[in-house]
Each structure stands twice: as C-alpha cells, then as structure tokens.
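Engineer: Coordinates for the following, if possible.
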Amino acid sequence: MAVPVKPASLAKKEKRDSNLAAKRATVAQKRRALEAVKRRAIIKRTAQYYKQYAAADKEEVRIRREAKANGNYYVPAQPKLALVIRLRGVNNIPPKPRKILKLLRLRQINNACFVKLNKASKEMLRIVEPFVTYGYPNLKTVRELIYKRGFGKVKGERIAINDNSVIEQSLGRFGITCIEDLIHEIFTVGPHFKLSCANGGLRKINNHFVEGGDFGNREHFINAMIRRMN
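Structural biologist: Numbers count the residues shown, from 1 in each chain. Model prediction:
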C-alpha cells in the first residue's frame with residue numbers, strides 16, 4: 001500500500017513552527033540568563049545595604065557610649081524622613097490645610113505618604129497638624145510598608161509593587177531596579193499608598209498626641225501605630 005505524500009503546505013507549516021519554537025527557546029534561554037545576572041546583582045547590592053545599616057547602627061552606639069564615658073550628652077541627628085497619615089475627613093477643614101493635604105496626596109482618611117523633612121515641609125506639617133499624625137519611621141517600618149502597601153505608577157496606571165519589573169520600568173533610569181533599591185532611596189522617593197484602620201481604633205483625633213490624643217507629631221512612636229495599621 002502506498003504511503004500518501006505529505007502536502008507541501010503542511011510541510012512548510014511544520015518547518016515554520018519548528019523554526020519559531022527554536023527561536024522562542026533561544027529567547028527564553030537568553031532571558032533566563034539575563035534574569036540570573038540581575039538577580040545576583042540585586043543580592044549583592046542588598047547585602048551592601050545591610051552592611052551599611054549595621055555599620056551606621058554600630059557607629060551610633062559607639063558615639064553614644066563614648067559621650068557617656070566622657071560625661072557628655074549625645075544628640076542624635078535630626079530626622080530626614082517623616083511618615084504622615086491623615087486622620088480626619090473633609091468636614092470643617094479650612095482651605096489652606098485642605099490644599100496642603102491635596103499636595104501631599106492625602107485625599108482620604110488613613111492615606112499615608114513619606115515626606116522628606118526640610119524647612120518648607122515642616123511648615124506644611126505645622127499647618128495641617130490638627131488633621132494628621134506623623135512621626136519618624138525606622139527601617140523596619142519602611143520595609144514592611146513598601147513590601148505590603150507599595151504602589152507604583154506605570155504609564156498613568158496605579159500598579160501594586162509585587163515584581164521588580166514594575167520598579168525597573170518606572171525608576172530604572174535612576175538606578176533603582178528592585179524593592180531593596182527603593183527602600184534604600186526612600187529618603188528621596190515618596191510613594192503613596194493607603195493603610196488599613198488601626199487595630200483597636202484611635203483614641204481622640206481632636207486631641208494632640210502629647211495630650212493623650214492622636215494628631216500631631218508622635219516621633220518614633222509612629223512605628224507602633226504602623227504595626228497596628230499594616
């Protein structure tokens with residue numbers, strides 16, 4: 001019995017498909033190799049960041065002990081970063097504080113933003129102080145917020161930061177290609193996101209923090225509040 005000859009069109013299609021599959025395999029292999037190189041570079045950079053953090057902590061402890069041994073007082077450096085959280089809604093807010101809250105993108109209750117502290121930003125915080133609470137987050141708080149609540153804007157769309165590619169697309173030109181780079185550069189980058197309500201609720205949003213309320217500057221105590229909200 002004679003074997004039927006394969007049509008020329010089918011043979012051509014099979015050859016085209018095999019060529020495309022080979023090309024896709026080559027591209028995938030190159031992509032995996034590139035991702036492996038990037039991954040090794042990220043791990044190396046992250047290790048350097050951790051060494052810097054540990055060295056800074058040790059240096060501060062050394063200076064503090066040296067000052068105490070010499071009978072002096074150690075005055076830590078002024079904080080450079082504040083985390084601001086909106087506590088109150090839109091009712092009974094004068095136009096100027098309302099405008100500043102809009103500039104800070106604190107449009108809703110429990111919206112939060114990182115603010116680089118300078119003369120101008122401190123004056124803005126002073127004006128909106130009755131409507132917000134703020135403090136000085138530590139490294140653990142910044143890292144937890146970015147990993148859990150961080151969002152990026154890519155081509156006008158708000159996208160959750162669940163992949164380093166989101167950061168690389170938006171901030172790659174600045175040398176920021178992963179989440180750890182973003183955390184390290186947080187003093188110059190201010191992502192905005194929304195937090196959940198604090199577990200246990202708030203005490204008195206109409207009273208200052210030093211009076212047993214919630215608004216105003218709570219310095220390092222902001223970290224405990226973020227633990228309840230995150």
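
Engineer: When you work out contacts or count neighbours from here on, use the C-alpha atoms and nothing else.
Structural biologist: OK.

Engineer: hang on, A77 in a strand?
Structural biologist: No: A77 is assigned coil when assessed by DSSP: H, G, I helix; E, B strand; the rest coil, not a strand.

Engineer: got the contact list for it?
Structural biologist: A77 makes contact with no residue, according to Cα atoms under 8 Å, 6 or more residues apart in numbering.

Engineer: Need phi/psi at it.
Structural biologist: Here is the backbone geometry of A77 (degrees, to the nearest 10): phi -70, psi 150.

Engineer: Also A112?
Structural biologist: The phi/psi pair for A112 (degrees, to the nearest 10) reads phi -140, psi 150.

Engineer: In terms of helices and strands, where is I43?
Structural biologist: According to DSSP states H and E, I43 maps onto helix 8-69.

Engineer: Now that helix: average pLDDT?
Structural biologist: For helix 8-69, mean pLDDT is 87.

Engineer: State the separation between it and the centre of the chain it belongs to.
Structural biologist: Helix 8-69 has its C-alpha centroid displaced from the chain centroid by 19 Å (Cα atoms, centre = their mean, to the nearest Å).

Engineer: elements contacting it?
Structural biologist: Packing partners of helix 8-69 (3 or more Cα pairs under 8 Å, 6 or more residues apart in numbering; DSSP states H and E): helix 179-184.

Engineer: Identify the residues contacting the residue nearest to the spatial centre of the chain.
Structural biologist: A centroid search over the chain (Cα atoms, centre = their mean) returns I146, at 3.4 Å, as the residue closest to the centre. Shown in contact with I146 (Cα under 8 Å, 6+ apart): I161, I179, I183.

Engineer: Which of the residues you listed has the largest number of neighbours?
Structural biologist: Most neighbours among these, by other Cα atoms under 10 Å: I179, with 23 neighbours.

Engineer: For that one, which residues are in contact?
Structural biologist: Counting by Cα under 8 Å, 6+ apart, I179 touches I146, Y147, N164, I167.

Engineer: just V166 next, same as before
Structural biologist: So V166 contacts G152, V154, I159 (Cα under 8 Å, 6+ apart).

Engineer: Switch those residues over to a markdown table; also include distance to C113.
Structural biologist: As requested, those are exported to a markdown table (distance: Cα to Cα, whole Å):
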| residue | distance to C113 |
| --- | --- |
| G152 | 13 |
| V154 | 18 |
| I159 | 16 |
